[in-house]
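Q: Next comes the sequence, and after it the predicted model I'd like to discuss.
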Amino acid sequence: MHIHILGICGTFMGGVAALAREAGHKVTGCDAGVYPPMSDQLRALGIDLIEGFGADQLALKPDAWVVGNVVSRARLPDGTPRYPLMEAILDQGLPYTSGPQWLAEHVLRGRHVLAVAGTHGKTTTTSMLAWILEHAGLQPGFLVGGVPMNFQASARIGAPTLPAVRGSLPPEGAVPPWGGPAAERPGVFVIEADEYDTAFFDKRSKFVHYRPRTAVLNNLEFDHADIFDDLAAIERQFHHLVRTVPASGRVVSNGLEESLARVLHTGCWSEVRSFGATDSDFTAEGEPHCFAVLERGRRVAEVAWELTGVHNQLNALAAIAAADHVGVRPEVAAAALGSFRNVKRRMEVRGTAGGVTVYDDFAHHPTAIRTTLDGLRRKIGGARILAAFEPRSNTMKLGTMKAQLPWSLEPADLSFCHAGGLGWDPREALQPMGTRAQVADTVDELLAQLRQAARPGDHIVCMSNGAFGGVHDKLLQALGSAAAGR
């Protein structure tokens with residue numbers, strides 16, 4: 001099959017392209033501003049990329065057009081289509097589908113799918129779970145919205161069928177979690193289950209296409225203000241996911257989240273295993289960097305790893321509970337986490353210059369910013385934290401959560417906000433922080449502020465879900481030059 005992917009350089013669609021290529025399909029694609037690292041990864045796989053969405057691409061005559069959710073029916077100011085290729089596909093009645101639907105029909109069908117959903121921690125928890133299953137010998141397929149450093153790839157097909165893990169078969173007469181005879185155990189596939197909509201012609205959340213047997217509900221709060229009116233609208237989509245889990249499946253839910261309790265109270269037809277709360281099935285005892293795992297009050301494993309933060313401790317419990325459903329014992333899962341190396345752009349140390357350590361982190365929602373900074377504070381104690389961030393997500397650009405920013409930045413000693421492209425005034429929003437917060441209209445101005453404020457021993461966390469103007473390397477260069485001149 002030849003598929004042509006519209007919007008191929010997005011993290012998700014690029015992962016779909018890699019999986020399709022690995023499965024033996026011919027893959028081509030297009031995007032606006034074809035850019036690395038995804039463009040480099042795709043070209044390395046032999047995938048031809050085309051700049052723009054010109055209608056002349058009809059000449060490729062693929063078997064199917066796979067449409068990313070970046071594509072719309074939008075018009076330019078002069079009235080011409082922003083995506084002329086899509087208009088031509090519609091005019092000619094050519095076959096098209098969404099990325100999630102293509103994935104479900106051509107990759108996930110016949111697999112035991114483990115889907116990780118949640119407002120925060122999806123990428124990290126998906127990567128943890130994939131690594132646990134790899135460590136246990138299950139050779140999982142996976143699709144992650146980032147690059148797990150244990151694998152150095154965001155997607156792979158994995159083994160289509162698997163022998164049972166020793167000690168993992170259900171008792172005599174019990175229904176296996178994969179819904180069939182023990183001898184016909186399907187391969188496992190771990191997927192980051194995003195609640196964002198599927199495509200301009202399918203406004204359901206992506207995750208309703210995945211039909212998981214194991215569904216992780218990691219947390220849930222309001223986000224994506226550009227497509228959801230309120231928290232209740234997102235809870236409704238999460239319940240749509242719960243409805244797709246079979247009776248032999250498992251829902252792994254964060255016991256600390258009232259929003260998830262409401263989702264499950266609406267109706268659940270599968271086994272539920274909870275984590276995090278004192279009365280949950282899986283709990284932790286100890287500090288986030290070294291803790292015991294308790295299953296219904298009984299100590300079953302210990303995790304000692306390089307990650308920090310209570311949020312990562314909860315992510316670990318979620319991954320352990322999900323892996324348990326496919327027969328990986330908690331002690332095996334905990335041992336795997338001891339060698340887990342996280343995901344690029346999740347508190348990734350980009351370097352040290354002039355005695356200052358610079359981190360890159362994907363945090364953009366206020367809660368994620370807060371948990372990221374809390375985790376670093378627990379790790380470094382009284383050393384200074386300088387938080388540099390840009391409110392770049394659609395929700396943050398709308399200013400929906402601007403009032404939460406002072407709270408989210410509390411663990412930092414100083415904060416620096418890049419204000420470019422916003423329709424609201426961050427200076428007003430950060431006014432309660434007084435002199436602890438500065439705002440810059442350009443990345444160069446932000447760099448100047450950081451360079452002036454930084455001193456040896458500081459930790460600078462750069463937080464954005466975008467490239468942030470290459471601030472990390474520029475900052476390290478500036479700090480190095482300043483140190484050389486002293």
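A: Cool, the structure landed. Because the structure is predicted, anything quoted here is derived from the model rather than measured.

Q: Okay, Glu221 and Val242: tell me how far apart.
A: 17 Å (C-beta to C-beta, to the nearest Å). All C-beta atoms are positioned from the backbone trio N, CA, C, and that covers glycine.

Q: any idea whether Asp279 is helix, strand or coil?
A: Under DSSP: H, G, I helix; E, B strand; the rest coil, Asp279 falls in the coil class.

Q: out of Glu221 and Val242, which sits in the more crowded spot?
A: Each of Glu221 and Val242 has its neighbours counted (other C-beta atoms under 10 Å); Val242 has more, 23 against 16.

Q: Just the helices from the stretch 51-200 of the chain, written as ranges.
A: 84-91, 99-103, 122-135 (DSSP state H, counting those that start in this stretch).

Q: wait, which of these is closest to His112?
A: Comparing the helices of the stretch 51-200 of the chain against His112 with C-beta to C-beta, the closest turns out to be helix 122-135 (10.2 Å).

Q: Could you name the helices and strands sitting against the closest one?
A: Helix 122-135 sits against strand 112-117, strand 188-192, helix 310-325, helix 330-337, with contacts defined as 3 or more C-beta pairs under 8 Å, 6 or more residues apart in numbering; DSSP states H and E.

Q: on that earlier part again, of the helices of the stretch 51-200 of the chain, which stretch is the most buried?
A: helix 122-135 (a mean of 28; mean count of other C-beta atoms under 10 Å).

Q: With just CA atoms, put that helix into CSV.
A: The C-alpha coordinates for helix 122-135 follow below in CSV (Å, rounded to 0.1, in the frame of the first residue of the first chain):
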residue,chain,number,x,y,z
LYS,A,122,1.5,10.6,28.9
THR,A,123,4.8,10.5,27.1
THR,A,124,6.9,9.6,30.1
THR,A,125,4.5,7.0,31.4
THR,A,126,4.1,5.4,27.9
SER,A,127,7.9,5.3,27.7
MET,A,128,8.2,3.7,31.1
LEU,A,129,5.6,1.1,30.2
ALA,A,130,7.3,0.3,26.9
TRP,A,131,10.6,-0.1,28.6
ILE,A,132,9.1,-2.4,31.3
LEU,A,133,7.7,-4.7,28.7
GLU,A,134,10.9,-4.7,26.7
HIS,A,135,12.9,-5.5,29.8
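
Q: Now distance to Asp229 and mean pLDDT too, for the helices and strands packed on helix 122-135, in CSV please.
A: As requested, the helices and strands packed on helix 122-135 are arranged in CSV below (distance: least, C-beta to C-beta, whole Å; pLDDT from 0 to 100):
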stretch, distance to Asp229, mean pLDDT
strand 112-117, 19, 97
strand 188-192, 24, 97
helix 310-325, 27, 95
helix 330-337, 38, 96
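
Q: could these go into JSON lines alongside distance to Asp458?
A: Shown next, in JSON lines, are these (distance: least, C-beta to C-beta, whole Å):
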{"stretch": "strand 112-117", "distance to Asp458": "34"}
{"stretch": "strand 188-192", "distance to Asp458": "33"}
{"stretch": "helix 310-325", "distance to Asp458": "23"}
{"stretch": "helix 330-337", "distance to Asp458": "30"}
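
Q: what about the stretch 251-400 of the chain, any weak spots by pLDDT?
A: Scanning the stretch 251-400 of the chain for pLDDT under 70 picks out 394-395.

Q: can you put the helices of the stretch 51-200 of the chain in a markdown table and add mean pLDDT and distance to Ser274?
A: As requested, the helices of the stretch 51-200 of the chain are exported to a markdown table (pLDDT from 0 to 100; distance: least, C-beta to C-beta, whole Å):
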| stretch | mean pLDDT | distance to Ser274 |
| --- | --- | --- |
| helix 84-91 | 98 | 43 |
| helix 99-103 | 97 | 27 |
| helix 122-135 | 95 | 15 |
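
Q: got a markdown table for the ones you listed, with distance to Val303 too?
A: Below are the helices of the stretch 51-200 of the chain laid out as a markdown table (distance: least, C-beta to C-beta, whole Å):
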| stretch | distance to Val303 |
| --- | --- |
| helix 84-91 | 47 |
| helix 99-103 | 31 |
| helix 122-135 | 10 |
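
Q: Select, out of those, the one closest to Arg392.
A: helix 122-135 (16.6 Å).

Q: how much does the closest one deviate in direction from helix 330-337?
A: 110 degrees (axes from the mean of the first three to the mean of the last three C-alpha atoms, to 10 degrees).

Q: mind putting the helices and strands packed on helix 122-135 in TSV, mean neighbour count and distance to Cys417 included?
A: Converted to TSV, those look like this (neighbours: other C-beta atoms under 10 Å; distance: least, C-beta to C-beta, whole Å):
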stretch	mean neighbour count	distance to Cys417
strand 112-117	28	30
strand 188-192	31	28
helix 310-325	27	22
helix 330-337	22	34
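
Q: Centre of the chain to stretch 98-114, how far?
A: 18 Å (C-alpha atoms, centre = their mean, to the nearest Å).

Q: now do the same end-to-end measure for that stretch.
A: Taking C-alpha to C-alpha, to the nearest Å, stretch 98-114 runs 20 Å from one end to the other.

Q: Same check on stretch 130-149?
A: 12 Å.

Q: rewinding a little: out of the helices and strands packed on helix 122-135, nearest to Ala478?
A: helix 310-325 (30.4 Å).

Q: Centre of the chain to that closest one, how far?
A: Worked out by C-alpha atoms, centre = their mean, helix 310-325 lies 15 Å from the chain centre.

Q: now it against helix 330-337, angle please.
A: Using the same axes, to 10 degrees, helix 310-325 lies at 130 degrees relative to helix 330-337.

Q: With Lys344 as the reference, measure out to the residue nearest the centre of the chain.
A: In the chain, the centroid-proximal residue (C-alpha atoms, centre = their mean) is Thr123; its distance is 3.1 Å. The gap separating Thr123 from Lys344 is 10 Å, by C-beta to C-beta.

Q: so what's in contact with those two at the same time?
A: Counting by C-beta atoms under 8 Å, 6 or more residues apart in numbering, the contacts common to Thr123 and Lys344 are Gly146.
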